[in-house]
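Chemist: Can you look at this prediction? I've put the sequence above it.
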Amino acid sequence: MDERRAIVDFFQKQGILIQPDAVEFLINSGGMETCKKIFGKLTEKPFIISLWDLQKLLERKEEKRGKERIKKRKFVILRDITGNSTCGGDVKDFVCLFKNRYERLSEMVKKRQEMRNAVPIKKALKVRDEVSIIGIVRDVRKVKNGTIIELEDYDDIIPVYVPSEIDSSLINDEVIGIVGKKTNELFIAKSVVRPEIPVRRQRNFSSEEKYVLFLSDIHVGSKNFLEKEWDRLIKWLNGKNGNERQKEVAKKIEYAIISGDLVEGIGIYPGQENDLEIVDVYEQYEKLAEKLSGMPEHIKLIIQPGNHDAVRPPLPQPSFEEEVKNIFSNLNAIFVGNPCYLEIDGVIILSYHGQSIQDFASNIPGLNQNNPTKIMREMLKRRHMAPSYGGISPLAPEREDYMIIDIIPDIFVTGHVHVTAVELYRDVLLLNASAWQRQTNYQKTMNLIPDPAKAIVVNLKNLMASIMQFS
(Lines give C-alpha, C1' and ligand atoms only; values in the text may rest on other atoms or scores of the structure.)
Protein backbone atom coordinates (compact mmCIF):
# COMPACT_ATOMS: atom_id res chain seq x y z
CA MET A 1 0.00 0.00 0.00
CA ASP A 2 1.49 3.38 -0.97
CA GLU A 3 1.81 6.25 1.48
CA ARG A 4 -1.04 8.23 -0.05
CA ARG A 5 -3.50 5.36 0.35
CA ALA A 6 -2.27 4.69 3.90
CA ILE A 7 -2.92 8.32 4.93
CA VAL A 8 -6.43 8.30 3.45
CA ASP A 9 -7.23 4.99 5.17
CA PHE A 10 -5.87 6.23 8.50
CA PHE A 11 -8.32 9.14 8.59
CA GLN A 12 -11.22 7.14 7.15
CA LYS A 13 -10.91 4.66 10.01
CA GLN A 14 -11.40 7.63 12.34
CA GLY A 15 -14.51 8.70 10.40
CA ILE A 16 -12.72 11.68 8.82
CA LEU A 17 -12.42 12.57 5.13
CA ILE A 18 -9.16 14.20 4.06
CA GLN A 19 -8.85 16.39 1.00
CA PRO A 20 -6.26 15.58 -1.72
CA ASP A 21 -4.12 18.68 -1.17
CA ALA A 22 -3.99 17.87 2.56
CA VAL A 23 -2.72 14.37 1.72
CA GLU A 24 0.04 15.87 -0.45
CA PHE A 25 0.98 18.21 2.39
CA LEU A 26 1.26 15.29 4.83
CA ILE A 27 3.39 13.25 2.44
CA ASN A 28 5.85 16.15 2.37
CA SER A 29 5.59 16.80 6.13
CA GLY A 30 6.48 13.47 7.69
CA GLY A 31 3.84 11.06 6.40
CA MET A 32 2.17 8.72 8.89
CA GLU A 33 4.10 10.09 11.88
CA THR A 34 2.64 13.54 11.22
CA CYS A 35 -0.83 12.00 10.76
CA LYS A 36 -0.65 10.56 14.28
CA LYS A 37 0.54 13.88 15.72
CA ILE A 38 -2.34 15.71 14.07
CA PHE A 39 -4.94 13.21 15.25
CA GLY A 40 -3.61 13.61 18.78
CA LYS A 41 -4.14 17.39 18.56
CA LEU A 42 -7.82 17.15 17.56
CA THR A 43 -10.19 18.24 20.31
CA GLU A 44 -13.15 17.00 18.25
CA LYS A 45 -13.46 15.00 15.06
CA PRO A 46 -14.18 17.14 11.98
CA PHE A 47 -16.11 15.71 9.03
CA ILE A 48 -13.36 16.84 6.63
CA ILE A 49 -9.73 17.88 7.11
CA SER A 50 -8.40 20.48 4.68
CA LEU A 51 -4.91 21.86 4.06
CA TRP A 52 -5.85 24.96 6.04
CA ASP A 53 -6.84 22.79 9.03
CA LEU A 54 -3.52 20.95 8.94
CA GLN A 55 -1.49 24.11 8.86
CA LYS A 56 -3.35 25.42 11.90
CA LEU A 57 -2.94 22.15 13.81
CA LEU A 58 0.78 21.70 13.19
CA GLU A 59 3.31 23.53 15.31
CA ARG A 60 4.82 26.58 13.60
CA LYS A 61 8.20 24.92 13.28
CA GLU A 62 6.69 21.82 11.69
CA GLU A 63 4.50 23.92 9.41
CA LYS A 64 7.50 25.92 8.20
CA ARG A 65 9.48 22.75 7.60
CA GLY A 66 6.58 21.26 5.63
CA LYS A 67 6.22 24.36 3.48
CA GLU A 68 9.93 24.39 2.72
CA ARG A 69 9.74 20.81 1.55
CA ILE A 70 6.80 21.61 -0.68
CA LYS A 71 8.53 24.65 -2.18
CA LYS A 72 11.47 22.52 -3.27
CA ARG A 73 9.16 20.77 -5.71
CA LYS A 74 9.60 22.32 -9.15
CA PHE A 75 6.19 21.33 -10.47
CA VAL A 76 3.28 19.35 -9.05
CA ILE A 77 -0.41 18.90 -9.84
CA LEU A 78 -2.25 19.44 -6.56
CA ARG A 79 -5.77 18.58 -7.73
CA ASP A 80 -7.26 17.37 -10.98
CA ILE A 81 -10.33 15.27 -11.90
CA THR A 82 -8.29 13.30 -14.44
CA GLY A 83 -8.30 9.63 -13.45
CA ASN A 84 -10.47 10.37 -10.40
CA SER A 85 -13.96 10.58 -11.91
CA THR A 86 -16.58 8.52 -10.05
CA CYS A 87 -19.88 9.82 -11.41
CA GLY A 88 -22.43 7.50 -12.97
CA GLY A 89 -25.06 10.18 -13.49
CA ASP A 90 -27.81 8.84 -11.22
CA VAL A 91 -29.63 10.64 -8.42
CA LYS A 92 -27.38 9.36 -5.63
CA ASP A 93 -24.36 10.90 -7.38
CA PHE A 94 -26.03 14.33 -7.37
CA VAL A 95 -26.88 13.84 -3.68
CA CYS A 96 -23.21 13.07 -2.97
CA LEU A 97 -22.05 16.10 -4.94
CA PHE A 98 -24.26 18.59 -3.09
CA LYS A 99 -23.65 16.94 0.27
CA ASN A 100 -19.90 17.24 -0.29
CA ARG A 101 -20.31 20.88 -1.31
CA TYR A 102 -22.48 21.70 1.68
CA GLU A 103 -20.19 20.01 4.19
CA ARG A 104 -17.01 21.63 2.93
CA LEU A 105 -18.33 25.14 2.35
CA SER A 106 -20.38 25.25 5.55
CA GLU A 107 -17.19 24.43 7.48
CA MET A 108 -15.58 27.48 5.88
CA VAL A 109 -18.58 29.66 6.77
CA LYS A 110 -18.46 28.42 10.38
CA LYS A 111 -14.94 29.80 10.71
CA ARG A 112 -16.29 33.33 10.27
CA GLN A 113 -16.64 35.14 13.60
CA GLU A 114 -20.38 35.82 13.24
CA MET A 115 -21.11 32.18 12.40
CA ARG A 116 -19.39 30.41 15.29
CA ASN A 117 -22.66 30.02 17.18
CA ALA A 118 -24.78 29.07 14.16
CA VAL A 119 -27.81 26.87 14.89
CA PRO A 120 -29.66 24.38 12.66
CA ILE A 121 -32.57 25.79 10.67
CA LYS A 122 -35.02 23.62 12.61
CA LYS A 123 -34.02 25.37 15.84
CA ALA A 124 -34.05 28.83 14.22
CA LEU A 125 -37.69 28.29 13.21
CA LYS A 126 -38.64 27.99 16.88
CA VAL A 127 -36.89 31.02 18.38
CA ARG A 128 -37.59 34.74 18.15
CA ASP A 129 -34.12 35.96 19.08
CA GLU A 130 -31.43 36.92 16.61
CA VAL A 131 -29.56 33.82 15.47
CA SER A 132 -27.11 32.66 12.81
CA ILE A 133 -27.94 29.89 10.35
CA ILE A 134 -26.04 28.18 7.52
CA GLY A 135 -27.54 26.55 4.46
CA ILE A 136 -27.47 26.07 0.72
CA VAL A 137 -29.64 28.40 -1.37
CA ARG A 138 -32.46 26.32 -2.83
CA ASP A 139 -34.40 29.05 -4.61
CA VAL A 140 -34.02 32.78 -5.33
CA ARG A 141 -36.97 35.07 -6.04
CA LYS A 142 -36.68 38.82 -6.60
CA VAL A 143 -39.30 40.92 -4.81
CA LYS A 144 -39.80 44.62 -4.20
CA ASN A 145 -36.78 46.06 -2.36
CA GLY A 146 -35.11 42.70 -1.90
CA THR A 147 -34.89 38.98 -2.46
CA ILE A 148 -36.66 36.01 -0.91
CA ILE A 149 -34.58 32.86 -0.79
CA GLU A 150 -35.22 29.36 0.44
CA LEU A 151 -32.31 28.25 2.59
CA GLU A 152 -31.87 24.53 3.23
CA ASP A 153 -29.76 22.39 5.54
CA TYR A 154 -29.94 18.65 6.26
CA ASP A 155 -33.15 18.83 8.28
CA ASP A 156 -35.26 21.79 7.20
CA ILE A 157 -35.95 24.72 4.87
CA ILE A 158 -36.56 28.33 5.84
CA PRO A 159 -37.78 31.30 3.74
CA VAL A 160 -35.47 34.29 4.19
CA TYR A 161 -36.07 37.88 3.16
CA VAL A 162 -32.83 39.69 2.24
CA PRO A 163 -33.21 43.46 1.72
CA SER A 164 -31.45 44.84 -1.38
CA GLU A 165 -29.17 47.06 0.69
CA ILE A 166 -27.79 43.97 2.43
CA ASP A 167 -27.23 41.76 -0.62
CA SER A 168 -28.62 41.64 -4.16
CA SER A 169 -26.21 39.03 -5.53
CA LEU A 170 -27.65 35.78 -4.13
CA ILE A 171 -27.66 32.84 -6.54
CA ASN A 172 -28.95 29.28 -6.50
CA ASP A 173 -26.87 26.54 -4.89
CA GLU A 174 -24.31 28.72 -3.12
CA VAL A 175 -23.62 28.00 0.56
CA ILE A 176 -24.07 31.00 2.86
CA GLY A 177 -24.62 32.04 6.43
CA ILE A 178 -27.42 34.36 7.49
CA VAL A 179 -27.59 36.45 10.65
CA GLY A 180 -31.20 37.45 11.33
CA LYS A 181 -34.43 37.03 13.21
CA LYS A 182 -37.62 35.04 12.72
CA THR A 183 -40.90 36.94 12.29
CA ASN A 184 -44.38 35.49 11.82
CA GLU A 185 -43.83 34.52 8.20
CA LEU A 186 -40.20 35.07 7.26
CA PHE A 187 -36.68 35.03 8.60
CA ILE A 188 -35.39 38.59 8.08
CA ALA A 189 -31.71 38.78 7.23
CA LYS A 190 -29.52 41.30 8.99
CA SER A 191 -26.38 40.18 7.14
CA VAL A 192 -25.22 37.59 4.62
CA VAL A 193 -21.99 35.75 5.33
CA ARG A 194 -20.02 33.93 2.62
CA PRO A 195 -16.98 31.65 2.90
CA GLU A 196 -14.84 34.42 1.30
CA ILE A 197 -11.04 34.48 1.37
CA PRO A 198 -9.02 36.39 3.99
CA VAL A 199 -8.39 40.10 3.49
CA ARG A 200 -4.66 39.53 3.92
CA ARG A 201 -2.73 36.31 3.51
CA GLN A 202 0.82 35.14 3.15
CA ARG A 203 1.64 34.89 -0.54
CA ASN A 204 4.01 32.32 -1.97
CA PHE A 205 6.91 33.38 -4.19
CA SER A 206 9.64 31.60 -6.09
CA SER A 207 13.17 32.09 -4.78
CA GLU A 208 14.37 32.76 -8.34
CA GLU A 209 13.33 35.08 -11.15
CA LYS A 210 11.43 32.84 -13.52
CA TYR A 211 8.35 33.41 -15.59
CA VAL A 212 5.10 31.68 -16.52
CA LEU A 213 3.34 32.52 -19.79
CA PHE A 214 -0.47 32.49 -19.63
CA LEU A 215 -2.43 31.83 -22.83
CA SER A 216 -5.98 30.75 -23.61
CA ASP A 217 -8.54 30.26 -26.39
CA ILE A 218 -6.26 29.64 -29.36
CA HIS A 219 -9.13 28.26 -31.50
CA VAL A 220 -6.99 26.64 -34.18
CA GLY A 221 -9.28 25.43 -36.99
CA SER A 222 -11.34 28.61 -37.06
CA LYS A 223 -11.28 30.95 -40.04
CA ASN A 224 -10.85 33.66 -37.42
CA PHE A 225 -7.68 32.18 -35.88
CA LEU A 226 -5.07 34.95 -35.67
CA GLU A 227 -2.21 33.05 -37.27
CA LYS A 228 0.05 36.02 -38.06
CA GLU A 229 -0.30 37.32 -34.51
CA TRP A 230 0.44 33.85 -33.12
CA ASP A 231 3.59 33.64 -35.25
CA ARG A 232 4.75 36.97 -33.77
CA LEU A 233 4.36 35.44 -30.29
CA ILE A 234 6.51 32.47 -31.33
CA LYS A 235 9.20 34.79 -32.75
CA TRP A 236 9.31 36.70 -29.46
CA LEU A 237 9.64 33.50 -27.43
CA ASN A 238 12.57 32.55 -29.65
CA GLY A 239 14.28 35.91 -29.12
CA LYS A 240 13.64 37.17 -32.65
CA ASN A 241 11.63 40.28 -31.79
CA GLY A 242 10.98 42.63 -28.87
CA ASN A 243 13.31 44.98 -27.02
CA GLU A 244 16.24 43.74 -24.93
CA ARG A 245 14.24 43.52 -21.70
CA GLN A 246 11.45 41.60 -23.46
CA LYS A 247 13.98 39.20 -24.96
CA GLU A 248 15.52 38.62 -21.53
CA VAL A 249 12.08 37.82 -20.09
CA ALA A 250 11.38 35.39 -22.94
CA LYS A 251 14.56 33.47 -22.07
CA LYS A 252 13.35 33.02 -18.47
CA ILE A 253 9.90 31.63 -19.32
CA GLU A 254 9.83 28.06 -18.05
CA TYR A 255 6.12 27.22 -18.31
CA ALA A 256 3.24 28.13 -20.59
CA ILE A 257 -0.24 27.48 -19.17
CA ILE A 258 -2.93 27.26 -21.85
CA SER A 259 -6.36 27.51 -20.20
CA GLY A 260 -8.65 25.77 -22.66
CA ASP A 261 -10.26 26.05 -26.10
CA LEU A 262 -7.11 25.02 -27.90
CA VAL A 263 -9.07 24.31 -31.09
CA GLU A 264 -12.34 25.55 -32.56
CA GLY A 265 -14.00 22.13 -32.26
CA ILE A 266 -17.05 20.88 -34.12
CA GLY A 267 -20.74 21.56 -33.47
CA ILE A 268 -20.20 23.86 -30.50
CA TYR A 269 -22.64 26.62 -31.53
CA PRO A 270 -25.27 27.17 -34.27
CA GLY A 271 -23.79 27.83 -37.68
CA GLN A 272 -20.24 27.03 -36.60
CA GLU A 273 -19.63 25.06 -39.80
CA ASN A 274 -19.49 28.40 -41.65
CA ASP A 275 -16.59 29.54 -39.44
CA LEU A 276 -14.40 26.44 -39.85
CA GLU A 277 -11.13 26.47 -41.76
CA ILE A 278 -10.47 22.84 -40.72
CA VAL A 279 -13.57 20.63 -40.48
CA ASP A 280 -12.00 17.57 -38.79
CA VAL A 281 -11.30 17.99 -35.06
CA TYR A 282 -8.24 15.71 -35.12
CA GLU A 283 -6.78 17.72 -37.97
CA GLN A 284 -7.38 20.81 -35.85
CA TYR A 285 -5.25 19.30 -33.08
CA GLU A 286 -2.57 18.34 -35.61
CA LYS A 287 -2.45 21.94 -36.80
CA LEU A 288 -2.29 23.10 -33.17
CA ALA A 289 0.65 20.76 -32.47
CA GLU A 290 2.40 22.27 -35.46
CA LYS A 291 1.83 25.82 -34.14
CA LEU A 292 2.98 24.88 -30.63
CA SER A 293 6.11 23.17 -31.95
CA GLY A 294 7.57 26.59 -32.64
CA MET A 295 7.91 27.27 -28.90
CA PRO A 296 11.40 26.83 -27.42
CA GLU A 297 11.97 23.31 -26.08
CA HIS A 298 12.79 24.53 -22.56
CA ILE A 299 9.21 25.83 -22.09
CA LYS A 300 6.99 23.16 -20.58
CA LEU A 301 3.41 23.38 -21.88
CA ILE A 302 0.54 22.88 -19.43
CA ILE A 303 -2.44 22.06 -21.65
CA GLN A 304 -5.99 22.27 -20.30
CA PRO A 305 -9.29 21.68 -22.14
CA GLY A 306 -12.23 24.05 -22.52
CA ASN A 307 -15.78 23.79 -23.82
CA HIS A 308 -14.62 23.75 -27.49
CA ASP A 309 -12.24 20.84 -26.92
CA ALA A 310 -12.68 17.11 -27.48
CA VAL A 311 -13.52 16.13 -23.89
CA ARG A 312 -16.82 15.74 -22.04
CA PRO A 313 -18.73 19.05 -21.75
CA PRO A 314 -19.75 18.88 -18.04
CA LEU A 315 -17.47 20.35 -15.38
CA PRO A 316 -15.04 19.27 -14.11
CA GLN A 317 -13.44 18.16 -17.37
CA PRO A 318 -10.70 15.51 -17.43
CA SER A 319 -7.64 15.98 -19.60
CA PHE A 320 -7.55 14.72 -23.18
CA GLU A 321 -7.77 11.05 -24.12
CA GLU A 322 -4.63 9.30 -25.38
CA GLU A 323 -5.76 9.64 -29.00
CA VAL A 324 -5.44 13.42 -28.73
CA LYS A 325 -2.39 13.41 -26.43
CA ASN A 326 -0.46 11.29 -28.93
CA ILE A 327 -0.73 14.10 -31.47
CA PHE A 328 1.48 16.18 -29.14
CA SER A 329 3.97 13.41 -28.36
CA ASN A 330 6.92 15.39 -29.73
CA LEU A 331 6.21 18.39 -27.48
CA ASN A 332 7.32 19.12 -23.91
CA ALA A 333 3.72 18.99 -22.63
CA ILE A 334 1.72 18.03 -19.55
CA PHE A 335 -2.05 17.53 -19.90
CA VAL A 336 -4.35 18.54 -17.04
CA GLY A 337 -8.07 18.72 -16.36
CA ASN A 338 -10.35 21.72 -16.00
CA PRO A 339 -10.13 23.15 -13.39
CA CYS A 340 -6.70 22.23 -12.07
CA TYR A 341 -4.58 23.29 -9.09
CA LEU A 342 -0.86 23.48 -9.89
CA GLU A 343 2.18 24.36 -7.85
CA ILE A 344 5.31 25.77 -9.50
CA ASP A 345 8.27 26.53 -7.21
CA GLY A 346 5.90 26.95 -4.26
CA VAL A 347 3.50 29.30 -6.11
CA ILE A 348 -0.04 27.90 -6.19
CA ILE A 349 -1.95 28.42 -9.44
CA LEU A 350 -5.62 27.68 -10.05
CA SER A 351 -6.29 27.34 -13.79
CA TYR A 352 -9.91 27.18 -14.94
CA HIS A 353 -11.21 27.71 -18.46
CA GLY A 354 -14.08 29.78 -17.09
CA GLN A 355 -17.30 28.45 -18.61
CA SER A 356 -19.37 29.66 -15.64
CA ILE A 357 -18.33 33.30 -16.11
CA GLN A 358 -21.43 33.68 -18.27
CA ASP A 359 -23.66 32.11 -15.59
CA PHE A 360 -22.47 34.68 -13.04
CA ALA A 361 -22.95 37.49 -15.55
CA SER A 362 -26.55 36.49 -16.26
CA ASN A 363 -27.52 35.92 -12.60
CA ILE A 364 -25.93 38.80 -10.69
CA PRO A 365 -26.86 42.43 -11.41
CA GLY A 366 -23.93 44.61 -12.41
CA LEU A 367 -21.71 41.82 -13.70
CA ASN A 368 -20.60 41.57 -17.32
CA GLN A 369 -18.77 38.77 -19.12
CA ASN A 370 -16.47 41.36 -20.68
CA ASN A 371 -15.19 42.19 -17.18
CA PRO A 372 -14.21 38.67 -16.05
CA THR A 373 -11.94 39.51 -13.10
CA LYS A 374 -14.90 41.12 -11.32
CA ILE A 375 -16.73 37.81 -11.74
CA MET A 376 -13.67 35.89 -10.53
CA ARG A 377 -13.87 37.95 -7.33
CA GLU A 378 -17.41 36.63 -6.86
CA MET A 379 -16.11 33.07 -7.29
CA LEU A 380 -13.54 33.67 -4.55
CA LYS A 381 -16.18 35.17 -2.25
CA ARG A 382 -18.28 32.03 -2.65
CA ARG A 383 -15.19 29.78 -2.74
CA HIS A 384 -16.79 28.10 -5.75
CA MET A 385 -16.23 28.42 -9.50
CA ALA A 386 -19.65 27.22 -10.70
CA PRO A 387 -22.27 27.08 -7.93
CA SER A 388 -25.51 27.20 -9.93
CA TYR A 389 -26.73 23.88 -11.29
CA GLY A 390 -28.82 23.99 -14.49
CA GLY A 391 -27.25 27.09 -16.01
CA ILE A 392 -25.13 27.57 -19.12
CA SER A 393 -22.33 25.43 -17.67
CA PRO A 394 -23.25 21.75 -17.26
CA LEU A 395 -22.00 20.10 -14.05
CA ALA A 396 -21.05 16.44 -13.68
CA PRO A 397 -22.30 14.75 -10.48
CA GLU A 398 -18.92 13.80 -9.06
CA ARG A 399 -18.91 12.60 -5.46
CA GLU A 400 -16.37 15.28 -4.64
CA ASP A 401 -17.02 18.86 -5.74
CA TYR A 402 -13.91 19.79 -7.74
CA MET A 403 -15.25 23.31 -8.34
CA ILE A 404 -14.73 24.34 -4.71
CA ILE A 405 -11.91 26.81 -4.05
CA ASP A 406 -10.64 25.44 -0.75
CA ILE A 407 -6.97 26.05 -1.53
CA ILE A 408 -6.48 29.81 -1.84
CA PRO A 409 -4.29 30.27 -4.92
CA ASP A 410 -1.58 32.84 -5.48
CA ILE A 411 -2.67 33.10 -9.13
CA PHE A 412 -6.19 32.42 -10.44
CA VAL A 413 -6.39 32.29 -14.24
CA THR A 414 -9.37 31.88 -16.57
CA GLY A 415 -10.11 32.24 -20.27
CA HIS A 416 -13.35 31.58 -22.19
CA VAL A 417 -14.47 35.19 -22.72
CA HIS A 418 -11.44 36.25 -24.82
CA VAL A 419 -10.55 39.22 -22.62
CA THR A 420 -7.14 40.35 -21.38
CA ALA A 421 -7.46 41.33 -17.72
CA VAL A 422 -5.20 41.56 -14.66
CA GLU A 423 -6.33 42.43 -11.15
CA LEU A 424 -5.27 41.81 -7.55
CA TYR A 425 -8.00 40.77 -5.11
CA ARG A 426 -7.09 40.09 -1.50
CA ASP A 427 -3.55 39.12 -2.49
CA VAL A 428 -4.72 36.74 -5.25
CA LEU A 429 -3.54 37.67 -8.74
CA LEU A 430 -6.52 37.37 -11.12
CA LEU A 431 -5.88 36.86 -14.84
CA ASN A 432 -8.03 36.39 -17.90
CA ALA A 433 -5.66 35.16 -20.55
CA SER A 434 -6.88 36.76 -23.81
CA ALA A 435 -7.48 34.77 -27.04
CA TRP A 436 -6.07 34.16 -30.52
CA GLN A 437 -9.29 34.51 -32.48
CA ARG A 438 -10.94 37.62 -33.89
CA GLN A 439 -14.62 38.23 -33.13
CA THR A 440 -17.02 35.81 -34.82
CA ASN A 441 -20.60 36.59 -35.86
CA TYR A 442 -21.83 34.29 -33.09
CA GLN A 443 -19.80 36.21 -30.50
CA LYS A 444 -21.41 39.43 -31.74
CA THR A 445 -24.84 37.99 -30.97
CA MET A 446 -23.57 37.10 -27.47
CA ASN A 447 -22.18 40.64 -27.00
CA LEU A 448 -18.74 39.13 -26.42
CA ILE A 449 -16.09 41.74 -27.17
CA PRO A 450 -12.66 40.10 -27.56
CA ASP A 451 -9.33 41.65 -26.61
CA PRO A 452 -7.15 39.15 -28.52
CA ALA A 453 -3.52 38.52 -29.46
CA LYS A 454 -2.08 39.32 -26.05
CA ALA A 455 -0.02 37.18 -23.69
CA ILE A 456 0.31 37.60 -19.92
CA VAL A 457 3.70 36.90 -18.36
CA VAL A 458 4.09 36.57 -14.57
CA ASN A 459 7.37 36.69 -12.66
CA LEU A 460 7.04 34.05 -9.93
CA LYS A 461 9.62 35.83 -7.78
CA ASN A 462 7.36 38.85 -7.18
CA LEU A 463 4.03 37.82 -8.82
CA MET A 464 4.13 40.87 -11.06
CA ALA A 465 2.22 40.51 -14.34
CA SER A 466 3.10 42.04 -17.71
CA ILE A 467 1.04 42.05 -20.91
CA MET A 468 2.64 41.52 -24.31
CA GLN A 469 0.68 42.61 -27.37
CA PHE A 470 1.11 40.92 -30.77
CA SER A 471 -1.61 42.53 -32.90
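Modeler: Nice, I can see it.
Chemist: Past the helix ranked longest in the chain, which element shows up next along the chain?
Modeler: Longest helix in the chain, counting residues (DSSP state H): helix 91-110. Sequence order places helix 121-124 as the next helix or strand after helix 91-110, per DSSP states H and E.
Chemist: got the buried residues for that next one?
Modeler: 121, 124 (16 or more other CB atoms under 10 Å). Placement of C-beta: from N, CA and C, glycine included.
Chemist: Please apply the same query to stretch 105-112.
Modeler: For stretch 105-112, burial by neighbour count (16+ other CB under 10 Å) applies to 105-110, 112.
Chemist: what's stretch 359-372 in contact with?
Modeler: With contacts defined as CB atoms under 8 Å, 6 or more residues apart in numbering, stretch 359-372 is touched by 168-169, 171-172, 354, 357-358, 374-375, 378-379, 386, 388, 391-393, 414, 416-417, 419, 421, 432, 447-449.
Chemist: and that stretch, what's its mean pLDDT?
Modeler: Averaging pLDDT along stretch 359-372 gives 96.
Chemist: oh, and call the first residue 95 from now on, that's how I've got it
Modeler: Yes, from this point I'll number from 95; that puts the last item at stretch 453-466.
Chemist: Need the distance between the two termini of it.
Modeler: 12 Å (CA to CA, to the nearest Å).
Chemist: May I ask which of the buried residues of stretch 199-206 comes out lowest in pLDDT?
Modeler: residue 206 (90).
Chemist: residues contacting that one?
Modeler: Taking CB under 8 Å, 6+ apart, we find residue 206 in contact with 271, 287, 289-290.
Chemist: Mark which of the residues you listed are buried, thanks.
Modeler: 271, 287, 289.
Chemist: Sitting in helices, which of those residues do you find?
Modeler: Going by DSSP H, the helices hold none of those.
Chemist: are any of the contacts of stretch 453-466 buried, and which?
Modeler: 263, 265-266, 448, 451-452, 468-469, 472-473, 480, 482, 485-487, 508, 510-511, 513, 515, 526, 542.
Chemist: From those, which land in strands?
Modeler: Applying DSSP state E to the buried ones among the contacts of stretch 453-466, the entries found in strands are 508, 515, 526.
Chemist: Make CSV from those and add distance to residue 420 to it.
Modeler: CSV is the format used below for these (distance: CB to CB, whole Å):
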residue, distance to residue 420
508, 28
515, 34
526, 31
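Chemist: possible to save the residues you listed as TSV with pLDDT and distance to residue 325?
Modeler: TSV is the format used below for these (pLDDT from 0 to 100; distance: CB to CB, whole Å):
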residue	pLDDT	distance to residue 325
508	98	25
515	97	24
526	98	23
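Chemist: quick one: which of those residues is nearest residue 398?
Modeler: residue 508 (10.6 Å; CB to CB).
Chemist: Strands of the stretch 95-244 of the chain, start to end?
Modeler: Assigned by DSSP state E, counting those that start in this stretch, the strands in the stretch 95-244 of the chain fall at 111-112, 142-143, 169-174, 225-237, 240-246.
Chemist: what kind of secondary structure is the residue of the chain positioned farthest from its centre in?
Modeler: For the chain, the C-alpha farthest from the mean C-alpha position belongs to residue 278; by CA atoms, centre = their mean, that distance is 40.8 Å. At residue 278, secondary structure determined by DSSP: H, G, I helix; E, B strand; the rest coil is coil.
Chemist: And it, what's its pLDDT?
Modeler: 82.
Chemist: ok, now how distant is it from residue 219?
Modeler: From residue 278 across to residue 219, the span is 12 Å (CB to CB, to the nearest Å).
Chemist: Next: residue 304.
Modeler: 56 Å.
Chemist: now residue 519
Modeler: 37 Å.
Chemist: Leaving out the residues flanking it, which one is nearest to residue 546?
Modeler: residue 529 (4.5 Å; CB to CB, 6 or more residues apart in numbering).
Chemist: What confidence value was assigned to that neighbour?
Modeler: We have a pLDDT of 98 for residue 529.
Chemist: Hmm, it is touching residue 316, no?
Modeler: No: using CB atoms under 8 Å, residue 529 is not in contact with residue 316; the gap is 10.4 Å.
Chemist: between those two, who's got more neighbours?
Modeler: residue 529 (29 against 23; other CB atoms under 10 Å).
Chemist: would the more buried one count as being in a helix?
Modeler: No: looking at residue 529 with three-state DSSP, it is coil, so not inside a helix.
Chemist: show me the contacts for it.
Modeler: Applying CB under 8 Å, 6+ apart, the residues near residue 529 are 310-313, 355, 509, 512-513, 544-547.
Chemist: again with residue 494
Modeler: By CB under 8 Å, 6+ apart, the contact list for residue 494 reads 178, 180, 191, 194.
Chemist: Of those, which is the nearest to residue 371?
Modeler: Set against residue 371, the nearest of these by CB to CB is residue 178 (35.6 Å).
Chemist: Next up, the contacts around that closest one.
Modeler: By CB under 8 Å, 6+ apart, the residues touching residue 178 are residue 494.
Chemist: Need the pLDDT of residue 97.
Modeler: pLDDT, read off for residue 97, is 78.
Chemist: what about it, neighbour count?
Modeler: Neighbour tally, residue 97, other CB under 10 Å: 13.
Chemist: I'd say it and residue 125 touch.
Modeler: Yes: look at residue 97 against residue 125 with CB under 8 Å: they come within range, at 5.5 Å.
Chemist: residue ranges with poor pLDDT in the stretch 145-294 of the chain?
Modeler: Judged by pLDDT under 70, the stretch 145-294 of the chain has its weakly predicted residues at 146-147, 149-167.
Chemist: And the contacts of residue 206, which is closest to residue 376?
Modeler: Nearest to residue 376 among these, with distances taken as CB to CB, is residue 289, at 41.8 Å.
Chemist: Show me where the stretch 395-544 of the chain has its helices.
Modeler: Using DSSP state H, counting those that start in this stretch, the helices found in the stretch 395-544 of the chain span residues 416-419, 451-457, 466-476, 535-539.
Chemist: closest to residue 136 among the buried ones among the contacts of residue 206?
Modeler: Of these, the one sitting nearest to residue 136 (CB to CB) turns out to be residue 289, at 21.9 Å.
Chemist: Determine which of the helices of the stretch 395-544 of the chain approaches residue 341 most closely.
Modeler: The nearest among the helices of the stretch 395-544 of the chain, by CB to CB, is helix 466-476 at 28.9 Å.
Chemist: Report the angle between the closest one and helix 185-204.
Modeler: Orientation note: helix 466-476 sits at an angle of 90 degrees relative to helix 185-204 (axes from the mean of the first three to the mean of the last three CA atoms, to 10 degrees).
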